[in-house]
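Trainee: need a structure here:
(chains A and B)
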Amino acid sequence: AQSVAQPEDQVNVAEGNPLTVKCTYSVSGNPYLFWYVQYPNRGLQFLLKYITGDNLVKGSYGFEAEFNKSQTSFHLKKPSALVSDSALYFCAVRPRGSSGGYNKLIFGAGTRLAVHP
Amino acid sequence: GAVVSQHPSRVICKSGTSVKIECRSLDFQATTMFWYRQFPKQSLMLMATSNEGSKATYEQGVEKDKFLINHASLTLSTLTVTSAHPEDSSFYICSARDRDLHTGELFFGEGSRLTVL
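Mentor: Numbers count the residues shown, from 1 in each chain, chains lettered A, B, ... in the order given. As a prediction, this is how the structure comes out:
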């Protein structure tokens, strides 16, 4: 079955330190990969995506993610965390191809990022 | 960037009444929209895929007579929760796919919090 795993329910990091939010996936082929952020009582905001090309993708608010095909991972990173980065982060995968899941995003369970002053 | 507007953002209703939630793509046309439900501290659960001009496709376990979806135009999809009960209280989020983009990126609304008394 196709799935996305975010192994950490919560990540705690001090302001100014680098952060990593992990994501691995189990999807056939070469899927599209996404990261979204959700603030309390809000919808999801797009951060970045990987379609093809350079494995390091840069996105909004200084975030970046590294695609690793051999490890089927797409970890989210930021060199220096801000308190305002505290939110819920979702990794999502969209399989390529024309199967029934073509239009659907498969979400991970989410990881809560807490950045402490 | 692409904007999806969701209305209302919050609604409180009495048990047994019906509630309609609107999802609009403001600056693009969306042949496909998706409706999700999110429980507290959990990921998004896809409820149904809304296709313009045709019937929605519901995920397994989602009652189509309970959650009526209409996608009458390229910019509007509605979700009606019929005969709402307290267990229907949740955060409902819609997303839309720009028909002119082929990257798989979805644009999300701000969400609607439904509270059934």
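Trainee: Could you list the residues in contact with the worst-scoring helix or strand of chain B on mean pLDDT?
Mentor: One helix or strand of chain B scores below all others by mean pLDDT, DSSP states H and E: strand B:106-108, with a mean of 87. With contacts defined as CB atoms under 8 Å, 6 or more residues apart in numbering or on different chains, strand B:106-108 is touched by A:36, A:43-46, A:105, B:1-4, B:25, B:28, B:34, B:93-98. Where C-beta positions appear, they are placed from N, C-alpha and C, glycine not excepted.
Trainee: filter those to the buried ones?
Mentor: With burial judged by 16 or more other CB atoms under 10 Å in any protein chain shown, the buried subset of the contacts of strand B:106-108 is A:36, A:43-46, A:105, B:2, B:4, B:25, B:28, B:34, B:93-98.
Trainee: Please list the residues of chain B that sit near chain A.
Mentor: Those residues of chain B that sit near chain A, judged by CB under 8 Å from any CB of the partner chain, are B:4, B:6, B:32, B:34, B:42-44, B:46, B:49, B:91, B:93, B:95, B:97, B:103-111, B:113.
Trainee: before we move on, the earlier item: quick one: strands adjacent to the next helix-or-strand element following the least confident helix or strand of chain B?
Mentor: Using DSSP states H and E, the next helix or strand after strand B:106-108 towards the C-terminus is strand B:112-116. The pairing partners recorded for strand B:112-116 under DSSP bridges are strand B:10-13 (parallel), strand B:90-97 (antiparallel).
Trainee: Include mean pLDDT when you put those strands into TSV, please.
Mentor: Shown next, in TSV, are the strands paired with strand B:112-116 (pLDDT from 0 to 100):
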stretch	mean pLDDT
strand B:10-13	96
strand B:90-97	92
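Trainee: Distance to A:Asn12 added to the ones you listed, as JSON lines?
Mentor: Below are the strands paired with strand B:112-116 laid out as JSON lines (distance: least, CB to CB, whole Å):
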{"stretch": "strand B:10-13", "distance to A:Asn12": "30"}
{"stretch": "strand B:90-97", "distance to A:Asn12": "25"}
